[in-house]
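**Student:** Sequence unavailable; structure follows:
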């Protein structure tokens with residue numbers, strides 16, 4: 001199995017190198033950007049990227065699910081973590097206003113999109129705060145406990 005994977009990776013690497021040399025030159029790209037974007041070599045490179053990304057996602061999810069279901073205690077912890085993240089996402093969506101940008105940017109987008117962006121930022125800030133708290137609290141407990 002390991003030998004097959006190595007051969008496949010070498011083949012994909014060679015195909016990628018060949019496609020790299022088939023890409024249009026910089027002068028051609030600047031002269032006709034739309035044509036450069038529609039280049040067959042570029043499309044093939046994107047297809048290889050999508051294929052490798054799909055394989056990586058499938059294998060990582062497969063092994064994670066296998067390990068999760070083989071250990072019931074791990075499944076319970078995972079469900080709590082997913083539920084906590086969903087709760088943070090819901091709270092973040094509720095507290096985002098949808099009017100967090102200036103009027104010149106609102107012309108480029110609608111309120112729903114701005115609300116989703118605000119939700120993402122709120123999720124990040126909440127998770128960052130939780131991470132910092134979870135790093136500080138044990139240190140303080142050790143200092144106080146001694």
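**Tutor:** Perfect, I can see it now. Remember, it's a predicted structure, so these values are computed and weren't measured experimentally.
**Student:** from here on, contacts and neighbour counts on C-alpha atoms
**Tutor:** Noted.
**Student:** what's the longest helix in this protein?
**Tutor:** If you go by DSSP state H, the chain has its longest helix at helix 111-145.
**Student:** buried set for that helix?
**Tutor:** 114-120, 122-123, 126 (16 or more other CA atoms under 10 Å).
**Student:** and it, what does it pack onto?
**Tutor:** helix 72-95 (3 or more CA pairs under 8 Å, 6 or more residues apart in numbering; DSSP states H and E).
**Student:** Run through the neighbouring helices and strands of the helix it packs on.
**Tutor:** helix 40-70, helix 111-145.
**Student:** Measure how the longest one sits relative to helix 72-95, angle-wise.
**Tutor:** What separates the directions of helix 111-145 and helix 72-95 is an angle of 120 degrees, with axes from the mean of the first three to the mean of the last three CA atoms, to 10 degrees.
**Student:** Taking the buried residues of helix 111-145, tell me the two that lie furthest apart.
**Tutor:** Across the buried residues of helix 111-145, the longest distance by CA to CA is 18.1 Å; it joins 114 and 126.
**Student:** separation between residue 65 and residue 14?
**Tutor:** Distance from residue 65 to residue 14, counting by CA to CA, to the nearest Å: 33 Å.
**Student:** Below-threshold pLDDT in this protein: ranges please.
**Tutor:** Within the chain, the stretches with pLDDT under 70 are 1, 24-38, 100, 106, 146.
**Student:** is it true that residue 23 touches residue 44?
**Tutor:** No. Shown here, residue 23 and residue 44 do not form a contact pair, counting by CA atoms under 8 Å, at 10.4 Å.
**Student:** Can you pick out the residue with more neighbours from these two?
**Tutor:** residue 23 (17 against 14; other CA atoms under 10 Å).
**Student:** on that earlier part again, starting at the chain centroid, how far to the longest helix of the chain?
**Tutor:** 19 Å (CA atoms, centre = their mean, to the nearest Å).
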